[in-house]
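Engineer: coords please:
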Amino acid sequence: SHENDYHVLNKILTNKFKPKYMGMLCSPDKIKSYLEKTYQTFGKEINLSNFYAPIGLQLGGNSPEDIAISISSEILAVYHDKQDIKHMREMLSGDDCYW
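Structural biologist: Here you go, the predicted structure:
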């Protein structure tokens, strides 16, 4: 439930854990509510740069499988410090290009 999400993330922040990635699958309203509670508890100075909401990359598709791949892809991108996500074919150049 949404309340459980808040309690888990609140515990992470309270214990000053520094996960590289923490996120929430949620609506914009839920994000707003979470941020209001978080700022009220920890102050506006709290560092949420490692908080991702809603989670996932925009890869297309809305099936549970698509969403799972989207979330997994985002976690991998964060883990490997990727800022700009590119298609693998963009790595090809010159004679290697097939398009």
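Engineer: Quick one: mean pLDDT over stretch 39-53.
Structural biologist: For stretch 39-53, mean pLDDT rounds to 92.
Engineer: mind listing the strands for this structure?
Structural biologist: Secondary structure of the chain (DSSP state E): strands at 22-23, 51-52.
Engineer: Counting by contacts, list what the last one packs against.
Structural biologist: In terms of contact count using 3 or more C-beta pairs under 8 Å, 6 or more residues apart in numbering; DSSP states H and E, strand 51-52 is assigned the packing partners strand 22-23. The way it works is simple: take the backbone N, C-alpha and C, and place the C-beta from them, glycine included.
Engineer: rerun at 10 Å
Structural biologist: Contacts defined by 3 or more C-beta pairs under 10 Å, 6 or more residues apart in numbering; DSSP states H and E place strand 51-52 against helix 2-14, strand 22-23, helix 28-42, helix 64-79.
Engineer: Which one of these lies nearest to I85?
Structural biologist: helix 64-79 (5.9 Å; C-beta to C-beta).
Engineer: Can you check the pLDDT for E90?
Structural biologist: Taking E90 on its own, its pLDDT is 71.
Engineer: shouldn't P19 be in contact with N47?
Structural biologist: No - counting by C-beta atoms under 10 Å, P19 does not reach N47; the two are 11.8 Å apart.
Engineer: Can you tell me the centre-most residue of the protein?
Structural biologist: Y52 (3.1 Å; C-alpha atoms, centre = their mean).
Engineer: what bridges to that one?
Structural biologist: Taking DSSP bridges as the rule, Y52 bridges to G23.
Engineer: Give me the residue ranges of the chain where confidence is low.
Structural biologist: Where the chain drops to pLDDT under 70, the residues are 1, 88-89, 91-99.
Engineer: State the number of residues packed around the nearest residue to L13 once chain neighbours are set aside.
Structural biologist: Among residues not flanking L13 along the chain, F42 sits closest, at 5.9 Å (C-beta to C-beta, 6 or more residues apart in numbering). Counted with other C-beta atoms under 10 Å, residues neighbouring F42 total 14.
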